[in-house]
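Participant: Sharing a sequence plus its predicted fold:
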Amino acid sequence: MRFLYPSPLPHTNLSYSTIPKRSKFATLACAATTSALVHQKNNKIICSVMQFILTSITFMLVYQECQHSPTRLSDRELRHTHVPCKLSKFEDGGHFLYYENGNENQDFDFSGVSLHHGFGASSLSFLPSLQLICEGVNARCVYAPDAEGFGFGSRSRRSRSRQQQSPFQNQNQNHKPVIIIGHSMGCREALRVAASTTGSSKKIVLLVAPAIIKKKIQQKKTLRFPSRLKSLITLMLYPPFRLLIKRIVASERFWRSGLSKAMTGGVVSDDVVQRYRLPSLVQGWERGLFDFVTRKGKDSGNEGGKGGWELLSSVASETGTRVIILHGKEDSIINVRNSKKLIEGNDQIELVELEGVGHVPHEEDVNLFVDCVKKVCN
């Protein structure tokens, strides 16, 4: 079943448009005039040429950014005009995918499934497998939120300060089991959700290629900067960061090249590339990503000050909780050896190695991934 639009959103431009020849000549003329004024007293030819080249590039980038930059959609347009997906829902400034299986009176084996994507992705990465997982394990619903700083969620500071709660969290009156799945960096968020989920008789936590290192985080003395100095440094870093990241992510070649390294065989379909590029349409998404990267003293994978490995051990030791690691044998991003180290000396964590897939098995081989989830959950 296809939930995405068959083509990129209407009347939008995902990449930078080419600068017209007339505008390019005008920009070069402005750059030449500026260079001449700056170096009118300088007789060094090499220095003048370098100054002209740098000035030309700067003028060209600024002009293209102002007149030919990729399309950006406001929160209102995303909610009402250009909804990313038929399963998309917006709540408290956040975006998530939600699918219900049948009616509420049906006898389900699981209360719900929660899916948490990895770094650089969005909830759309689980779109091909979302419905199949829900129906395969006979769950009431599936919930896949966008992580903070990624996806289609609002980039306003007020909205980002609110944490989304899964629809079955703390509302499981029948004490049905729940399934929580995390991929790569999203494994930490999955563990955090598992640690905070109550009201269930059983929890199954599936970690797909977890980006977790088996070591305890030691408290080290760090150099603290005054808040004003920190704000000044952040203010200086953001403009070049915004221009650089915006250009990189707008390129289809960037996503295709990066995803080809994560997938076995290096073949990436246009649908997969589109699912990763579409979130760049969100207005102000660069700010959200920048705040996520530069945030200090707040790890999205921590719960109660615990590091990723400590949180994994804590969740695995809970009564009625199963923790299973799924890892593709061909993973070139996070080697399967890392998952083998995580289960060493810990009988409460299981490992299932997947044949013929790499870092993103839920997108490389959907049927294999869904069959594996059904097998370990049933």
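Facilitator: Right, received. Where do you want to start?
Participant: Show me the contact partners of the strand or helix carrying Phe290.
Facilitator: Taking DSSP states H and E as the criterion, Phe290 maps to helix 285-294. Identification of contacts with helix 285-294 by C-beta atoms under 8 Å, 6 or more residues apart in numbering yields 148-150, 153, 155, 160, 234, 237-238, 241-242, 245-246, 279, 282, 300. (Glycine included, C-beta is placed from N, CA and C.)
Participant: what about 6 Å?
Facilitator: Gly149, Arg155, Tyr238, Phe241, Arg242, Ile245, Lys246 (C-beta atoms under 6 Å, 6 or more residues apart in numbering).
Participant: Over to stretch 349-369?
Facilitator: Counting by C-beta under 6 Å, 6+ apart, 128-129, 209, 262-264, 272, 316, 323-331, 333, 339, 343 sit against stretch 349-369.
Participant: Quick check on these: which are buried?
Facilitator: Buried members of those, scored by 16 or more other C-beta atoms under 10 Å, are 128-129, 209, 262-264, 272, 316, 323-328, 330-331, 333, 339, 343.
Participant: residue ranges of the helices in the stretch 151-300 of the chain, please?
Facilitator: With DSSP state H, counting those that start in this stretch as the criterion, the stretch 151-300 of the chain has helices at 157-160, 186-196, 227-250, 252-262, 270-277, 285-294.
Participant: what residue ranges in the stretch 51-200 of the chain score low on pLDDT?
Facilitator: Along the stretch 51-200 of the chain, the parts satisfying pLDDT under 70 run over 103-105, 154-174, 198-200.
Participant: what about the strands in it?
Facilitator: 88-91, 94-100, 112-116, 141-145, 178-183 (DSSP state E, counting those that start in this stretch).
Participant: Now render those as JSON lines, adding distance to Phe59 and mean neighbour count.
Facilitator: Shown next, in JSON lines, are the strands of the stretch 51-200 of the chain (distance: least, C-beta to C-beta, whole Å; neighbours: other C-beta atoms under 10 Å):
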{"stretch": "strand 88-91", "distance to Phe59": "39", "mean neighbour count": "16"}
{"stretch": "strand 94-100", "distance to Phe59": "37", "mean neighbour count": "21"}
{"stretch": "strand 112-116", "distance to Phe59": "43", "mean neighbour count": "28"}
{"stretch": "strand 141-145", "distance to Phe59": "41", "mean neighbour count": "26"}
{"stretch": "strand 178-183", "distance to Phe59": "42", "mean neighbour count": "27"}
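Participant: so what's the most centrally placed residue in the chain closest to, chain neighbours aside?
Facilitator: Geometric centre of the chain, nearest residue: Ala121, 3.2 Å, by C-alpha atoms, centre = their mean. Counting by C-beta to C-beta, 6 or more residues apart in numbering, the nearest residue to Ala121 once its immediate chain neighbours are dropped is Tyr276, at 6.4 Å.
Participant: how close does the one you found sit to Phe119?
Facilitator: From Tyr276 across to Phe119, the span is 11 Å (C-beta to C-beta, to the nearest Å).
Participant: Which of these two has more residues huddled nearby?
Facilitator: Tyr276 (22 against 13; other C-beta atoms under 10 Å).
Participant: I figured the more buried one hits Trp255, correct?
Facilitator: Yes: Tyr276 is within contact range of Trp255, at 4.9 Å (criterion: C-beta atoms under 6 Å).
Participant: on that earlier part again, pLDDT wise, what is the residue nearest to Ala121 at?
Facilitator: Tyr276 is assigned a predicted lDDT (pLDDT) of 87.
Participant: do Ala26 as well
Facilitator: pLDDT recorded at Ala26 is 76.
Participant: so how far is Thr18 from it?
Facilitator: 15 Å.
Participant: One more: Gln106?
Facilitator: As judged by C-beta to C-beta, Gln106 and Thr18 stand 54 Å apart.
Participant: Same check on Arg192?
Facilitator: Taking C-beta to C-beta, one finds Arg192 at 45 Å from Thr18.
Participant: Between these two, which is the more surrounded one?
Facilitator: More crowded of Arg192 and Thr18, by other C-beta under 10 Å: Arg192, with 24 against 10.
Participant: And the strands in the stretch 251-378 of the chain?
Facilitator: Using DSSP E, counting those that start in this stretch, strands in the stretch 251-378 of the chain cover 321-328, 349-354.
Participant: Next, format the ones you listed as TSV and append mean pLDDT and distance to Gly102.
Facilitator: Output for the strands of the stretch 251-378 of the chain, formatted as TSV (pLDDT from 0 to 100; distance: least, C-beta to C-beta, whole Å):
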stretch	mean pLDDT	distance to Gly102
strand 321-328	95	25
strand 349-354	94	28
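Participant: got CSV for those, with distance to Met185 too?
Facilitator: Formatted as CSV, the strands of the stretch 251-378 of the chain follow (distance: least, C-beta to C-beta, whole Å):
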stretch, distance to Met185
strand 321-328, 15
strand 349-354, 18
